[in-house]
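*Asks:* Could you work out the structure for the sequence below:
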Amino acid sequence: MILPAGMLLAILGSLALGPRVQGASLGCNLCFWAFFLAFLRRRGTFGRGFPPFLFFLPLFYLLSFFHRETTERMDYLFGSDMARYLKDALSFTTGPRHIGVSILTFPFKDLERLGEALGVPRLGHEYLYLQSALIGWIAVVLFHRALGAVAAAGLRRIAFLLTCVFAFSLAILAFSSLFETFLASLMFLLLFLESAGRYARTGGVFEGAILALLTLLALSMSLENVYLAPVFVVTAVLRATRRGGTGILREAAVYAATLLVGFCLLVITARGSMGPAFYPTWEDKLFPSASANLATHMDHFLVFHSDFSRLLDPRAYLAGIYRFFVMSILAQPWRPVTAYMWDLKNLRPLAPANLAYECLLLVLLVVSGRGLIQRLKDGDFETLFRVATLGSILVIRQTMVTFYAWRGCILFAPPSIMALWLLVGAGLLGKANQSGWSVRVAEIALLLMALLLLGVNGAYLLASQRAALPG
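*Replies:* Numbers count the residues shown, from 1 in each chain. Next up is the predicted model:
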């Protein structure tokens, strides 16, 4: 618990000292990463299995290396906010929705100044990209570790290929290659799920407090991660069915209190450091007055981006499913990157790449479904935990994006992509799929899927960057 608490203290230090003390933001950033990597090591993340995935780190870092200027254009790549984060970093500002991103962005100005002194231009920019690639790589390692928790003996190759499929999905590949908050949110989600599994098996105030701190760290990256609180409730119910209700109210109280106190500290520190500039948002232009507190800030944001009437339209749910599990996984090359999700008038589900993807996905769902059902029949608690928590994530996020920011839902797709492939993995990696034919079918389908995603998605991202170059 000390290490995630140290990460939170580093964020608070960056908020309080970054705008006032030169070099403090970089020092807090390095402390954050030291605490974070120590936490990963303590949890056994970097064991013998992670070296094969090292190649993702240079891949994520170099994917947009020759076209950096396009990734820094306002709202160009899928509506991402990298240019806005760079602008905020220059003035040491952040907003209520992404308070903790300051730990990653505030060193920008110090490093740019250091780069000028050392003759290394754009040092701050490249450090942001390096952090993003590191976050994406860690998310891949954590994903593979999650697969390993449910893998039967002799199925490591399937786990490896499934990890590649996850990593090459469009949203994961794109947002590991430029600076955004969505992969940091995914990274903390994966850590949360691992800790939630420990809590569901053993219970305890200590694990509950760790879950609260991980939820708080995820919330600091983006307030959309508030959905982790209901996932904790699902976990607590599973823990009660497995071990009885003893202590569960105390653990829930510790979780809620830690979350509330920690979030208040973040808001108070950021508001005290940045003054009145903390709450206003560009959505305020539609209202008579600017946001003056957290409530009005969120109200203006939600009114601008939400359409609750879509919750009554079945077509909106179907469109969301297609956006999440087709367009956010396999690029649609004929769609412009600036308006990639805006409308679905020109769908091409029978285009060759889409048809190949859909057939491979169907094969994987059929083969994994057989194994998943068998594991549930056998009463495997780990599988029950996966189905309950990952299923709740899929339902919550699918419902959210049906009415909220649906035109940019590739930005919010990574948790759902992760949940899909982890559920597929829970089925593929069970004993029921250890027979020769199912292993071979799964391996071939996963290999073809990985090659398809890497080829189509990589080419699309590179082409979209070249297309935006001046002249």
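*Asks:* And the pLDDT at residue 433?
*Replies:* pLDDT, residue 433: 63.
*Asks:* Repeat that for residue 190.
*Replies:* Residue 190 is given a pLDDT of 96.
*Asks:* go on, the one 3 residues further on?
*Replies:* You'll see residue 193 listed with a pLDDT of 95.
*Asks:* neighbours of the nearest residue to it once chain neighbours are set aside, just the number please.
*Replies:* Distance criterion Cβ to Cβ, 6 or more residues apart in numbering; nearest residue to residue 193, sequence neighbours excluded, is residue 389 at 6.3 Å. For the C-beta atoms, the positions are set from N, CA and C on the backbone; glycine is no exception. Neighbourhood size, residue 389 [other Cβ atoms under 10 Å]: 22.
*Asks:* Please give the element, helix or strand, for residue 389.
*Replies:* Using DSSP states H and E, residue 389 falls within helix 381-403.
*Asks:* got the residue ranges for the helices in the stretch 251-400 of the chain?
*Replies:* 294-305, 314-322, 352-377, 381-403 (DSSP state H, counting those that start in this stretch).
*Asks:* picking up where we left off before, orientation of the helix holding residue 389 relative to helix 352-377 in degrees?
*Replies:* 140 degrees (axes from the mean of the first three to the mean of the last three Cα atoms, to 10 degrees).
*Asks:* which secondary structure elements does helix 381-403 contact?
*Replies:* If you count contacts as 3 or more Cβ pairs under 8 Å, 6 or more residues apart in numbering; DSSP states H and E, helix 381-403 packs onto helix 182-202, helix 228-243, helix 314-322, helix 352-377, helix 414-428.
*Asks:* Could I have the CA atoms of the first one written out in PDB?
*Replies:* Listed next in PDB are the C-alpha coordinates belonging to helix 182-202 (Å, rounded to 0.1, in the frame of the first residue of the first chain):
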ATOM      1  CA  PHE A 182      -6.600   6.600 -22.300                       C
ATOM      2  CA  LEU A 183      -3.700   4.100 -22.100                       C
ATOM      3  CA  ALA A 184      -2.800   5.300 -18.600                       C
ATOM      4  CA  SER A 185      -6.400   4.600 -17.600                       C
ATOM      5  CA  LEU A 186      -6.100   1.200 -19.200                       C
ATOM      6  CA  MET A 187      -2.900   0.400 -17.300                       C
ATOM      7  CA  PHE A 188      -4.400   1.300 -14.000                       C
ATOM      8  CA  LEU A 189      -7.600  -0.700 -14.900                       C
ATOM      9  CA  LEU A 190      -5.400  -3.800 -15.500                       C
ATOM     10  CA  LEU A 191      -3.700  -3.300 -12.100                       C
ATOM     11  CA  PHE A 192      -7.100  -2.800 -10.500                       C
ATOM     12  CA  LEU A 193      -8.400  -6.100 -11.900                       C
ATOM     13  CA  GLU A 194      -5.300  -8.000 -10.800                       C
ATOM     14  CA  SER A 195      -5.700  -6.600  -7.200                       C
ATOM     15  CA  ALA A 196      -9.500  -7.200  -7.400                       C
ATOM     16  CA  GLY A 197      -8.800 -10.800  -8.100                       C
ATOM     17  CA  ARG A 198      -6.600 -11.000  -5.000                       C
ATOM     18  CA  TYR A 199      -9.300  -9.300  -2.900                       C
ATOM     19  CA  ALA A 200     -12.000 -11.600  -4.200                       C
ATOM     20  CA  ARG A 201     -10.000 -14.600  -3.200                       C
ATOM     21  CA  THR A 202      -8.700 -13.500   0.200                       C
END
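*Asks:* gap between it and the chain center?
*Replies:* 11 Å (Cα atoms, centre = their mean, to the nearest Å).
*Asks:* Please apply the same query to the last one.
*Replies:* Relative to the chain's own centre, helix 414-428 is displaced by 13 Å; criterion: Cα atoms, centre = their mean.
*Asks:* now it: mean pLDDT?
*Replies:* 95.
*Asks:* List every C-alpha atom in that helix, with coordinates, as PDB.
*Replies:* C-alpha atoms of helix 414-428 as PDB (Å, rounded to 0.1, in the frame of the first residue of the first chain):
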ATOM      1  CA  PRO A 414      -9.400   0.300 -24.900                       C
ATOM      2  CA  PRO A 415     -11.000  -1.100 -21.700                       C
ATOM      3  CA  SER A 416     -13.700  -2.800 -23.800                       C
ATOM      4  CA  ILE A 417     -11.100  -4.200 -26.200                       C
ATOM      5  CA  MET A 418      -9.200  -5.500 -23.200                       C
ATOM      6  CA  ALA A 419     -12.300  -7.100 -21.700                       C
ATOM      7  CA  LEU A 420     -13.200  -8.700 -25.000                       C
ATOM      8  CA  TRP A 421      -9.800 -10.400 -25.500                       C
ATOM      9  CA  LEU A 422      -9.500 -11.400 -21.800                       C
ATOM     10  CA  LEU A 423     -12.900 -13.100 -22.000                       C
ATOM     11  CA  VAL A 424     -11.800 -14.800 -25.200                       C
ATOM     12  CA  GLY A 425      -8.600 -15.800 -23.500                       C
ATOM     13  CA  ALA A 426     -10.400 -17.300 -20.500                       C
ATOM     14  CA  GLY A 427     -12.100 -19.700 -22.900                       C
ATOM     15  CA  LEU A 428      -9.200 -20.400 -25.200                       C
END
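*Asks:* related to what we said a few turns ago, give me whichever of the helices and strands packed on helix 381-403 is most buried.
*Replies:* helix 414-428 (a mean of 25; mean count of other Cβ atoms under 10 Å).
*Asks:* so where's the stretch 51-200 of the chain uncertain?
*Replies:* Applying pLDDT under 70 to the stretch 51-200 of the chain flags the ranges 51-52, 153.
*Asks:* As a check, name the ranges of all helices in it.
*Replies:* 56-62, 68-71, 82-90, 102-105, 107-118, 123-148, 156-168, 170-175, 182-202.
*Asks:* The third one vs helix 107-118, what angle?
*Replies:* Comparing the axes of helix 82-90 and helix 107-118 via the same axes, to 10 degrees yields an angle of 80 degrees.
*Asks:* Same check on the last one?
*Replies:* Regarding helix 182-202 and helix 107-118, their directions subtend 130 degrees when assessed with the same axes, to 10 degrees.
*Asks:* Kindly report the same for the longest one.
*Replies:* With the same axes, to 10 degrees as the basis, helix 123-148 and helix 107-118 are set at 130 degrees to each other.
*Asks:* Counting by contacts, list what helix 123-148 packs against.
*Replies:* Helix 123-148 packs on helix 56-62, helix 82-90, helix 102-105, helix 107-118, helix 156-168, helix 170-175, helix 182-202, helix 414-428, going by 3+ Cβ pairs under 8 Å, 6+ apart.
*Asks:* what's in contact with the third one?
*Replies:* The one in question is helix 102-105. Outside of helix 102-105, the residues within contact range by Cβ atoms under 8 Å, 6 or more residues apart in numbering are 10-11, 14-15, 18, 25, 28-29, 32, 85-86, 88-89, 92, 94, 128, 131, 179, 184, 270.
*Asks:* who touches residue 80 in this structure?
*Replies:* Applying Cβ under 8 Å, 6+ apart to residue 80 gives the contacts 71, 174-175, 178, 180, 411.
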